[in-house]
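Student: Kindly return the folded structure for what I paste below:
(chains A and B)
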Protein chains: 2
Amino acid sequence: MKKAVILLSGGIDSAVTLYLAKNKGFAPTALIFDYGQRHKIEIKYARHICKIAGCPQKIIKLPFFWKGSSLLERKSGIPLGRSFRSMKKGIPSTYVPARNLVFLSIAVSFAETIDATSVFIGAHTEDYSGYPDCRQEFFRAFKKAIDKGTKKGKRIRIYTPLINKRKKDIIELGLQLGVPFGATWSCYMGGSEPCGMCDSCRFRTRAFRQLGIVDPYLGK
Amino acid sequence: MKKAVILLSGGIDSAVTLYLAKNKGFAPTALIFDYGQRHKIEIKYARHICKIAGCPQKIIKLPFFWKGSSLLERKSGIPLGRSFRSMKKGIPSTYVPARNLVFLSIAVSFAETIDATSVFIGAHTEDYSGYPDCRQEFFRAFKKAIDKGTKKGKRIRIYTPLINKRKKDIIELGLQLGVPFGATWSCYMGGSEPCGMCDSCRFRTRAFRQLGIVDPYLGK
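Tutor: Residues are numbered from 1 along each chain as shown, chains lettered A, B, ... in the order given. Okay, the predicted model is just below:
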């Protein structure tokens, strides 16, 4: 089994990535970040997914400074009920400064620490076209930085298996792999029930609707 | 005044970089990392330097996982009394996995958070030729990753003003800038007195000797 590190948020994309990594013969350890996100409930779901998947987990607490994102500050509103077209324009207020840069750097560092050479991240551009740190060109550039700046250098690989997939295809893949979608969480709002209206809920519910499947997430 | 973020360890290089940044008209905020280093005493020195320089400081606690470095684990020995030639060979046991990658990523994220576009790091290749994350090519590659993966992108600059300087020249520069070298700490060993024998002490004492100056650090 090849050791790997995976960033796990508790959402659909990272859950499918986890099952994909296992399916490809990797032995992943999940890093779950507690960074002051208003939807802290996702951590509970991420931990639960690990338990179901039999995946070791590590909670990383980083509540040190992040501000200036509606994903962190309750006083600033999460955009609700936006059209899919408007979601694709500009950088959303839910952008957290350099979040994937920080998360991936810690994942690479942890990979070196446990002697793994593979890092998985479930980012993809369809839902997150506005986030600069979810784009293929960022991952490519980041890979070059670790080639130069780490002990293992070029031996470390960053896997982004979902990068060009649509949410619908990600869910289909997850269904084939037996991903427990009822144990995932997507809503940004921070309530105990999914709001159904934030960008994250809307992408998710649309994809399930396109597949003609009831999302086990609804009615939670 | 242009806002900046600076990585401050409490050693000579970062202290000189701080004074240099101030001298160039920047208003820096220092990030001081508490990452489980055995020479935790450096944090006290870093805080003290900030106080003297009138620089706001932020302590970042990252004691979450790092292992596999003699700088972290008391059971593994710090190399002592090595020749300068042997210090330049290979990656030393004091290498901390992807440390500068993690520190810089957090610095960039913090810079975006406080609306700064300049990040300073006192790394240089002379003392640290074995550390992959102290090399110019790493900083160049990292810069490209932030160009692609952050909101501010290309507007963010990474300053490495000491990158090609020798320790002796760094100290001379620091003397001109009024850096309080007596308030800096370099020793890796973790004692309350500098050991004088670890790589870091040896580079430092040699440089002061070359300048014909008594290091205010000795006899502490």
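
Student: CA only for contacts and neighbour counts going forward, please
Tutor: OK.

Student: Next, the buried residues of the lowest-mean-pLDDT helix or strand in chain A.
Tutor: Taking mean pLDDT, DSSP states H and E as the measure, the helices and strands of chain A show their lowest mean at helix A:84-87, namely a mean of 77. Under the neighbour-count criterion of 16 or more other C-alpha atoms under 10 Å in any protein chain shown, helix A:84-87 has A:Met87 buried.

Student: residues in contact with that helix?
Tutor: Identification of contacts with helix A:84-87 by C-alpha atoms under 8 Å, 6 or more residues apart in numbering or on different chains yields A:130, A:199.

Student: per-residue pLDDT, the residue in chain A sticking out farthest from the centre?
Tutor: The outermost residue of chain A, judged against the average C-alpha position, is A:Lys151 (26.3 Å), by C-alpha atoms, centre = their mean. For A:Lys151, the pLDDT comes out at 86.

Student: Which residue, other than its chain neighbours, is closest to it?
Tutor: Here the nearest residue to A:Lys151 in space, its sequence neighbours aside, is B:Pro132; by C-alpha to C-alpha, 6 or more residues apart in numbering or on different chains that works out to 6.5 Å.

Student: you'd agree that neighbour is up against B:Thr125?
Tutor: No. When contacts are counted by C-alpha atoms under 8 Å, B:Pro132 is not listed as touching B:Thr125 (9.4 Å).

Student: From the neighbour counts alone, determine which of the two ranks first.
Tutor: Per other C-alpha atoms under 10 Å in any protein chain shown, whichever of B:Pro132 and B:Thr125 has more neighbours is B:Pro132, with 24 against 20.

Student: Can you name every helix or strand that the longest helix anywhere in chain A contacts?
Tutor: Using DSSP state H to assign secondary structure, the helix with the most residues in chain A is helix A:99-114. Identification of packing neighbours for helix A:99-114 by 3 or more C-alpha pairs under 8 Å, 6 or more residues apart in numbering or on different chains; DSSP states H and E yields strand A:2-7, strand A:118-120, helix B:99-114, helix B:136-149.

Student: Any chance of the ones you listed in CSV with mean neighbour count as columns?
Tutor: Compiled in CSV, the helices and strands packed on helix A:99-114 are given as follows (neighbours: other C-alpha atoms under 10 Å in any protein chain shown):
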stretch, mean neighbour count
strand A:2-7, 24
strand A:118-120, 24
helix B:99-114, 24
helix B:136-149, 21
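
Student: can you put those in TSV and add distance to A:Arg82?
Tutor: Supplementary listing: the helices and strands packed on helix A:99-114 in TSV, determined by distance: least, C-alpha to C-alpha, whole Å:
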stretch	distance to A:Arg82
strand A:2-7	27
strand A:118-120	30
helix B:99-114	25
helix B:136-149	24
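
Student: what sits against the residue nearest to A:Lys151?
Tutor: Applying C-alpha under 8 Å, 6+ apart to B:Pro132 gives the contacts A:148-151, B:91, B:138.

Student: A:Gly122 contacts A:Thr17, doesn't it?
Tutor: Yes. Because the distance of 5.5 Å satisfies C-alpha under 8 Å, A:Gly122 is recorded as touching A:Thr17.

Student: With neighbour numbers in mind, choose between those two.
Tutor: Neighbour tally, A:Gly122 and A:Thr17, criterion other C-alpha under 10 Å: the higher count belongs to A:Thr17, 26 against 23.

Student: Tell me how far the host helix or strand of that one lies from the chain's centre.
Tutor: With elements taken from DSSP states H and E, the one containing A:Thr17 is helix A:12-23. Between the mean C-alpha point of helix A:12-23 and the mean C-alpha point of its chain there is a distance of 10 Å (C-alpha atoms, centre = their mean, to the nearest Å).

Student: hey, C-alpha coordinates of the least confident helix or strand of chain A in PDB?
Tutor: The C-alpha atoms that make up helix A:84-87 are tabulated as PDB, following Å, rounded to 0.1, in the frame of the first residue of the first chain:
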ATOM      1  CA  PHE A  84     -25.200  29.500 -11.600                       C
ATOM      2  CA  ARG A  85     -24.100  32.100 -14.100                       C
ATOM      3  CA  SER A  86     -23.300  34.700 -11.500                       C
ATOM      4  CA  MET A  87     -21.500  32.100  -9.300                       C
END
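
Student: Parallel or antiparallel, list what pairs with the longest strand anywhere in chain A.
Tutor: When every strand of chain A is counted residue by residue (DSSP state E), the longest turns out to be strand A:26-34. Here the strand partners of strand A:26-34, with direction, are listed using DSSP bridges: strand A:2-7 (parallel), strand A:57-61 (parallel).

Student: Identify each buried residue in whatever helix or strand comes next after that strand, please.
Tutor: Secondary structure here is assigned by DSSP H and E; on that basis, the next helix or strand after strand A:26-34 toward the C-terminus is helix A:41-53. Within helix A:41-53, the residues that qualify as buried are A:41-43, A:45-50, A:53, counting by 16+ other C-alpha under 10 Å.

Student: again, but for stretch A:10-22
Tutor: By neighbour count, with 16+ other C-alpha under 10 Å as the criterion, the buried positions of stretch A:10-22 are A:10-22.

Student: contacts for that stretch?
Tutor: Outside of stretch A:10-22, the residues within contact range by C-alpha under 8 Å, 6+ apart are A:6-9, A:27-28, A:42-47, A:49, A:53, A:120-123, A:161-162, A:170-171, A:173-174, A:177-179, A:181, A:183-186.
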